[in-house]
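Q: Here is a sequence together with a model predicted from it:
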Amino acid sequence: MQIALVAMVLVPLFGGVAISLLSGSRPSWSRNAALSLSCVVFGLAAWMWVSFDRASSAIQFSLALPWVPALNTSMHLGVDGVSMPMVLLTALLTVVAVLASRGIEDRVREYHTLLLLLEAGLIGVFVALDLIAFFLFWEVVLIPMYFLIAIWGGPRRSYASVKFFIYTLAGSMAMLAGIITLYLRTGASTFDIVEIAPLAATIDPGTQTVIFAAIAIGLAIKVPMFPLHTWLPDAHVEAPTAVSVLLAGVLLKMGSYGFLRFGPSMLPHGFEAARPFIAALALVSIVYGAAVALMQSDLKRLVAYSSVSHMGYVMLGIAAGTATAISGAVVQMFSHGLIAGLLFLLVGTVYERTHTREIAEYGGIAKVTPLIAGAFVFASFASLGLPGLSGFVGESMVVIGSFEEFRLHSVLASGAVMLTVGYLLWMLQRVVFGPVNEHRLAMTDMTVREAFAIAPLAALTLVVGVAPQTLIGVARASVELLAR
């Protein structure tokens, strides 16, 4: 199984390089090769999911390979109950993203190369157990994402990609400073996270707080938390559909995952000092994101700001630190990946037919494209937290689990659901229902390819909503180690 873990990083990495060397090949070769490779990675992730020991809180499938002896660093890889769901989510959404990329006609080979390199970096972040390897994979994600937006994005792609790059690079520099300080203050002879964590926990509280603050800046930009969120709407609006799926579905989870990895167990005093601030900013993100989404006229911007709000629930759960709240945060991370991915796919589906994302340009598509309309209704109800769907499970667990630690935040966060209901029902009324816009009478309904991309996300949204233990059971043992 250790080989499978390594293969999940190496297959997309070397596969992407191999695709880039297919000079003069047909675009279909690059598409089919990328789809095949991403399916292989998903198969390996599913195999690991089935083989994962739910009763163990230890790192599983661990493998450490010598890397840079001069720096006392190794390529140590492994998963626990928090990272395993993120690995599965990344593998699934990459397959979906490749399927959603059939409309890309320009520089197809380079596009799919970058898509696979992005997958390698994302999985690497979730399985790396060495601080240097973690930071390396963190930076690897930046490069393909920048070019995917800058080359294949919309009219303002240069502005959006540069803004994304500057924000992310600034956060990375703060994080690197924190990691180096952490290493120096522990006096450790290794960057291995498993070995350095107990040493880091003994650093004096004041120094821990400074170190955690530096690392948290880089993490908060990725989440993103208010007020470091402004790069996200621009990136989403300009990014191709498939890139938005991975951006919202997985890349944002890098930040929240990092808070769990660096916070409660590695820098407990620093995390404890930061908890009230994280909770306050999480609440602001929840309310602000939902309120601004309510004012959007662009479908993609609406979904982008909804992501700011939904990731706020994740951060509130992490800040609360109870077992229920952290479990809810993990479920919400997974659930948001599914639902946001589904919504961005649907926005891309209607955009391909109409070449507009303006909500006012739609109306009554349920009468013209019932399958697309039905998927929109399903995804929106999942996003607003309808019982029986995954969105309800994560947010309700966060609100309930946070009540003990942050009562006011919990009450206000539960009340903010009404804003979510407001902007989603407002969107459905104007896009799906109401009078038919005569300019949309020629719209065609969902194709088989689009259905293949949408169906697995919708199915898992339902499965997690009806049987949440399938996900909670994987995370429980690891969550108990992190909980207060």
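A: In hand now; what should we look at? Everything numeric in this text was worked out from a predicted model, so none of it was measured.

Q: drop to CA atoms for contacts and neighbour counts, all remaining ones
A: Noted.

Q: Check the residue nearest to V108 when sequence neighbours are not counted and give its pLDDT.
A: Counting by CA to CA, 6 or more residues apart in numbering, V108 lies nearest to P27, which is 5.8 Å off, once chain neighbours are set aside. Predicted confidence (pLDDT) for P27: 78.

Q: Please name the residues that touch P27.
A: By CA atoms under 8 Å, 6 or more residues apart in numbering, the residues touching P27 are E105, V108, R109.

Q: Just the buried residues out of the residues you listed, in PyMOL syntax.
A: Typed into PyMOL, the line below selects the buried ones among the contacts of P27, using 16 or more other CA atoms under 10 Å:
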select buried, resi 108+109
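
Q: just curious, which of the contacts of P27 is nearest to G434?
A: Distance to G434 across these (CA to CA) is lowest for E105, with 34.9 Å.

Q: So for that closest one, what's the nearest residue that isn't a sequence neighbour?
A: P27 (7.9 Å).

Q: buried sites along the helix or strand L65 falls within?
A: In the assignment (DSSP states H and E), L65 maps to strand 60-68. By 16+ other CA under 10 Å, the buried positions in strand 60-68 come out as Q60, F61, S62, L63, A64.

Q: Pull out the buried positions in stretch 202-220.
A: In stretch 202-220, counting by 16+ other CA under 10 Å, buried: 203, 205, 207-209, 211-220.

Q: next one: stretch 324-333
A: T324, A325, I326, S327, G328, A329, V330, V331, Q332, M333.

Q: which residues does the residue nearest in space to the middle of the chain contact?
A: Nearest to the geometric centre of the chain sits V250, at 2.4 Å (CA atoms, centre = their mean). Contacts for V250 (CA under 8 Å, 6+ apart) come out as M86, L89, T90, L93, L122, G337.

Q: repeat for L199
A: T186, A188.

Q: what is the rounded mean pLDDT of the helix or strand hosting it?
A: Per DSSP H and E: L199 is located in helix 193-200. Averaged across helix 193-200, pLDDT comes to 90.

Q: pull the CA atoms of it into CSV?
A: Output in CSV follows, covering the C-alpha atoms of helix 193-200 (Å, rounded to 0.1, in the frame of the first residue of the first chain):
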residue,chain,number,x,y,z
ILE,A,193,6.6,16.2,11.2
VAL,A,194,6.0,13.1,13.3
GLU,A,195,9.3,13.5,15.2
ILE,A,196,9.3,17.3,15.4
ALA,A,197,5.7,17.7,16.6
PRO,A,198,6.3,16.7,20.3
LEU,A,199,9.4,18.9,20.4
ALA,A,200,7.5,21.8,19.0
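
Q: circling back to that earlier point, of the contacts of P27, which belong to helices?
A: Among these, the members found in helices (DSSP state H) are V108, R109.

Q: Let me have the contacts of P27 in JSON lines, extended by pLDDT and distance to M315.
A: Below are the contacts of P27 laid out as JSON lines (pLDDT from 0 to 100; distance: CA to CA, whole Å):
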{"residue": "E105", "pLDDT": "84", "distance to M315": "38"}
{"residue": "V108", "pLDDT": "87", "distance to M315": "37"}
{"residue": "R109", "pLDDT": "89", "distance to M315": "37"}
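
Q: and which of the contacts of P27 is nearest L386?
A: E105 (38.1 Å).

Q: May I have the phi/psi pair for that closest one?
A: phi -110, psi -20 (degrees, to the nearest 10).

Q: I'd like the distance between it and G15.
A: Relative to G15, E105 is positioned 20 Å away (CA to CA, to the nearest Å).

Q: again, but for L129
A: Counting by CA to CA - L129 and G15 are separated by 23 Å.

Q: Which one of those two is surrounded by more residues?
A: Counting neighbours by other CA atoms under 10 Å for L129 and for G15 shows that L129 has the greater number, 26 against 21.

Q: Surely that one touches I196?
A: No: look at L129 against I196 with CA atoms under 8 Å: they stay out of range, at 10.3 Å.

Q: Where do the strands of this structure begin and end?
A: 60-68, 73-79 (DSSP state E).

Q: any weak-confidence spans in the chain?
A: 23-25, 484 (pLDDT under 70).

Q: biggest helix in it, by residue count?
A: Max-length helix for the chain by DSSP H is helix 323-354.

Q: tell me what that helix is packed against?
A: Helix 323-354 is packed against helix 83-99, helix 241-246, helix 299-320, helix 370-383, helix 390-402, helix 448-466, helix 469-482, with contacts defined by 3 or more CA pairs under 8 Å, 6 or more residues apart in numbering; DSSP states H and E.

Q: Would you mind listing the residues in contact with L114?
A: So L114 contacts G16, P144, M145, F147, L148 (CA under 8 Å, 6+ apart).

Q: From the chain's centroid, how far away is stretch 325-340?
A: 9 Å (CA atoms, centre = their mean, to the nearest Å).

Q: before we move on, what about stretch 57-66?
A: For stretch 57-66, the distance to the chain centre is 23 Å (CA atoms, centre = their mean).

Q: Need the residues that contact that stretch.
A: Contact with stretch 57-66 is made by 1-2, 5, 52-53, 73-81, 477-478, 481, as judged by CA under 8 Å, 6+ apart.

Q: can you do 10 Å?
A: 1-6, 48, 51-53, 72-84, 127-130, 192, 194, 474-481 (CA atoms under 10 Å, 6 or more residues apart in numbering).

Q: Just the buried ones from those, in PyMOL syntax?
A: In PyMOL syntax, the buried subset of the contacts of stretch 57-66 is picked out as below (16+ other CA under 10 Å):
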select buried, resi 4+5+6+48+52+53+73+74+75+76+77+78+79+80+81+82+83+84+127+128+129+130+192+474+475+476+477+478+479+480
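
Q: Please identify the most buried of the helices and strands packed on helix 323-354.
A: helix 299-320 (a mean of 29; mean count of other CA atoms under 10 Å).

Q: what angle sits between it and helix 390-402?
A: Note on geometry: by axes from the mean of the first three to the mean of the last three CA atoms, to 10 degrees, helix 299-320 and helix 390-402 are set 30 degrees apart in direction.

Q: Nice, that's everything, thank you.
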